[in-house]
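>>> Quick one, what's the 3D model for this:
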Amino acid sequence: MIDWTDRHCRRFHRSVSRYTWVYTEMITTGALIHGDRARFLAYSEEEHPVAFQIGGSDTADLAQCAKWVEQAGYDELNLNCGCPSERVQKGSFGACLMAEPALVADCVKAMRDACTLEVTVKHRIGLDYIESTQQLHDFVGAVSEAGCQTFIVHARNAVLKGLSPKENREIPPLRYHVVQELKALFPHLQIILNGGIQTLEDIETHLQWADGCMIGREAYTNPWLLAAFDGLIAQRAAWPLGQLPDDAHVQSADFNRHQVVAAMRSYVHAELAKGESLRNLTKSWLGLFHAQPGGRLYRQVLSDATRLKDGGWDVVEEALTKVMAIPLSIERD
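Numbers count the residues shown, from 1 in each chain. You can find the predicted model right below:
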């Protein structure tokens, strides 16, 4: 999710769902050590619970970064062992680390020794076109012995040569049964399923055996999907009926997409005053009215470079008029 789940996107998603965990885009240890650390670590307090996703394989660097992440106030530290891009492989991290479980175990131990945050690992079910699950089981076994208790598992292999990152999300087949078998083999671990999850029905089915589900680009395509998540979380947390937290707003029948946008108004004004561009602030909003009447016109306004360059909140209000004005009989997106 590099260049996707930036802090503006996460703040927007938080206005849709109060209790869903949000994850940063993957930030490398090199970026934190040699780059603009304050910018990479920045987030809004409203984002909690929020996890920082890191990429790297040098134990000393990861330990140092773990300290910074904890000092910044994040709730979890997630090591990415699932990104298949060749650029990431050249840095000796991402999916290629699945071939080195002992190294990943050392990385996890180094981070856990350096901070008090929960350290989790995100990975694939295997490498290239090998269908054997032995590598997966060995990997999870070794890394869990280092203290990792939560594994976020993308249910596809990562093909390290010959496929682009986009093709790696589409060509290797989804094998949910492999993750289900992993959960059965390691029942004491928290196994979070990732990959190809697009509907609430998908999530409810997977939650019959998985400890959780992670969605990626579907949160961009159809962010309103998150609106049902607080209810699911409430059920699984066994909150007493009628005693949900006051801000579990999705329980209200009148909670709607327009309220999501309205909740972002003060944030947008504050960020514009700091010099942020309206495009960066609203690019993650484009799918909010996915499959809704007027949704296409709403996206056109928020994609118009001229409007975004010269306008402010008035552009957002103009976009909203498009979904308010078109009756069902005229346009279905």
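>>> can you map out the strands along this protein?
Remark: strands of the chain, listed N- to C-terminal, are 22-23, 27-28, 50-55, 76-81, 118-127, 150-158, 190-194, 212-214; assignment by DSSP state E.
>>> would you turn the ones you listed into JSON lines with distance to residue 232 and mean neighbour count?
C-beta: built from backbone N, CA, C; applies to glycine. Compiled in JSON lines, the strands of the chain are given as follows (distance: least, C-beta to C-beta, whole Å; neighbours: other C-beta atoms under 10 Å):
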{"stretch": "strand 22-23", "distance to residue 232": "16", "mean neighbour count": "21"}
{"stretch": "strand 27-28", "distance to residue 232": "29", "mean neighbour count": "22"}
{"stretch": "strand 50-55", "distance to residue 232": "19", "mean neighbour count": "24"}
{"stretch": "strand 76-81", "distance to residue 232": "19", "mean neighbour count": "24"}
{"stretch": "strand 118-127", "distance to residue 232": "20", "mean neighbour count": "23"}
{"stretch": "strand 150-158", "distance to residue 232": "17", "mean neighbour count": "24"}
{"stretch": "strand 190-194", "distance to residue 232": "14", "mean neighbour count": "21"}
{"stretch": "strand 212-214", "distance to residue 232": "9", "mean neighbour count": "19"}
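>>> domains for this structure, by residue range?
According to automatic domain parsing, the chain comprises the domains 7-236, 257-325.
>>> Could you single out the most deeply buried of those?
Of all these, domain 7-236 has the most neighbours on average by mean count of other C-beta atoms under 10 Å, namely a mean of 18.
>>> Make CSV out of the domains of the chain and add mean pLDDT.
Supplementary listing: the domains of the chain in CSV, determined by pLDDT from 0 to 100:
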stretch, mean pLDDT
domain 7-236, 93
domain 257-325, 93
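>>> For the strands of the chain, give me a markdown table that also has distance to residue 317.
Putting the strands of the chain into a markdown table (distance: least, C-beta to C-beta, whole Å) gives the following:
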| stretch | distance to residue 317 |
| --- | --- |
| strand 22-23 | 26 |
| strand 27-28 | 34 |
| strand 50-55 | 29 |
| strand 76-81 | 36 |
| strand 118-127 | 38 |
| strand 150-158 | 38 |
| strand 190-194 | 36 |
| strand 212-214 | 33 |
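>>> quick one: which of the ones you listed is nearest residue 295?
Between residue 295 and those, the tightest spacing by C-beta to C-beta is seen for strand 22-23, at 23.5 Å.
>>> Point out the other helices and strands that the closest one packs with.
Other elements packing on strand 22-23 under the criterion 3 or more C-beta pairs under 8 Å, 6 or more residues apart in numbering; DSSP states H and E are helix 7-16, strand 50-55.
>>> neighbouring contacts of the first one?
It refers to helix 7-16. With contacts defined as C-beta atoms under 8 Å, 6 or more residues apart in numbering, helix 7-16 is touched by 5, 20, 22, 24, 42-44, 46-47, 50, 219-220, 223-224, 226-227, 260, 263-264, 267, 271, 276, 280-281, 283-285.
>>> what angle sits between that helix and strand 50-55?
Using axes from the mean of the first three to the mean of the last three C-alpha atoms, to 10 degrees, the direction of helix 7-16 lies 150 degrees away from that of strand 50-55.
>>> now helix 7-16, how far from the centre of its chain.
11 Å (C-alpha atoms, centre = their mean, to the nearest Å).
>>> Compare the strands of the chain and give me the one nearest residue 294.
Judging the strands of the chain by C-beta to C-beta, what sits closest to residue 294 is strand 22-23, at 27.6 Å.
>>> Work out the gap between the closest one and the centre of the chain.
Taking the mean of its C-alpha atoms, strand 22-23 sits 5 Å from the chain's own mean (C-alpha atoms, centre = their mean).
>>> Which residue lies nearest the spatial centre of the chain?
If you average the C-alpha coordinates of the chain and look for the closest C-alpha using C-alpha atoms, centre = their mean, you land on residue 23, 4.4 Å from that point.
>>> Noted, bye for now.
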